[in-house]
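A.B. asks: build me a structure from this.
(one chain, ligands or ions: 2)
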Amino acid sequence: MLLAPSLLAADFLHLQKACDLLNNSAADWFHLDVMDGRFVPNISYGLPVISQLRKASQKIFDVHLMIEEPEKFASAFRDAGANNLTVHLEACRHLHRNVQQIRDLGMTAGVAINPHTPVELLYDILPDLHLVLIMSVNPGFGGQQFIPHTYEKIRVLKQRINKKGLNTLIEVDGGVDLDNARQLLDAGADVLVAGTSVFRAKDPAAAIAAFKQTGQK
Ligand SMILES: O=C(CO)[C@H](O)[C@H](O)COP(=O)(O)O
Ligand SMILES: [Fe+2]
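C.D. replies: Ligands and ions are numbered 1, 2, ... in the order given. Predicted structure coming up:
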């Protein structure tokens, strides 16, 4: 199991501290949420912040673009330090072209789907993807409640990935915590994104350790 803490829930006044926490922990990836106020009704942070974070960590930067027309910014996010770039199916008119662009730029590609989007829409593009990000809340905000239908989506997608002999990862994002982590992994999730349940925990380092331990059971 891979753990990708989301910096959306970190203290933005002390991002160096958040980087130190993740660097000195068993967290696998930095999950970085970029919002444009158009695709989602919120604006988070963008290129200059990610460039600065890049100087503070060697870990994989998993950038979740919640933006319209992501093709306009793919190379800029690569230059800022993204290793994996995930775009939303609902924000792409030519998804295959956008995924090819990301891979041609030397990054791995992910596609995210909103809670209402069926996983079947991804079947034809799975071989090109490093990961599928299944949103388990409506994108735009941290700290929302997990949507239980996600389990079924993970199970169906996992079956398809296995049937085709692919190694595409399934990442789950939104409302993930220590109470649902085990069930998500049992359903077939490979990567758990955790914002609130890591950075707003009483002891974030202990929360990361507990997630990783849950992944070993
Ligand atoms: O993509 C996101 C929101 O759109 C975030 O990654 C997600 O919400 C993580 O935060 P939390 O764990 O607090 O739900
Ligand atoms: Fe995210």
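
A.B. asks: surely Pro127 touches Gly165?
C.D. replies: No. Taking contacts as C-beta atoms under 8 Å, Pro127 lies outside contact range of Gly165: 9.8 Å. Any C-beta I mention is one placed from the backbone N, CA and C, and that applies to glycine too.

A.B. asks: give me the more crowded residue out of those two.
C.D. replies: Pro127 (12 against 7; other C-beta atoms under 10 Å).

A.B. asks: helices or strands up against the helix or strand containing Val111?
C.D. replies: Assigned by DSSP states H and E, Val111 belongs to strand 108-113. Packing partners of strand 108-113 (3 or more C-beta pairs under 8 Å, 6 or more residues apart in numbering; DSSP states H and E): strand 60-66, strand 84-88, helix 95-104, strand 131-135.

A.B. asks: count of neighbours near Ala181?
C.D. replies: Applying other C-beta under 10 Å, we find 24 residues neighbouring Ala181.

A.B. asks: that older thread, can I get the helices and strands packed on strand 108-113 in a markdown table with mean pLDDT?
C.D. replies: Converted to a markdown table, the helices and strands packed on strand 108-113 look like this (pLDDT from 0 to 100):
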| stretch | mean pLDDT |
| --- | --- |
| strand 60-66 | 99 |
| strand 84-88 | 99 |
| helix 95-104 | 98 |
| strand 131-135 | 99 |
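
A.B. asks: got CSV for those, with mean neighbour count and distance to ligand 1 too?
C.D. replies: Below are the helices and strands packed on strand 108-113 laid out as CSV (neighbours: other C-beta atoms under 10 Å; distance: least, C-beta to the nearest ligand atom, whole Å):
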stretch, mean neighbour count, distance to ligand 1
strand 60-66, 24, 5
strand 84-88, 27, 9
helix 95-104, 17, 18
strand 131-135, 25, 7
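
A.B. asks: tell me which residue of the chain lies closest to ligand 1.
C.D. replies: As assessed by C-beta to the nearest ligand atom, ligand 1 sits closest to Gly195 within the chain, at 2.8 Å.

A.B. asks: compute the distance between that residue and His14, please.
C.D. replies: 16 Å (C-beta to C-beta, to the nearest Å).

A.B. asks: give me the more crowded residue out of those two.
C.D. replies: Comparing Gly195 with His14 by other C-beta under 10 Å, the one with more neighbours is Gly195, at 25 against 11.
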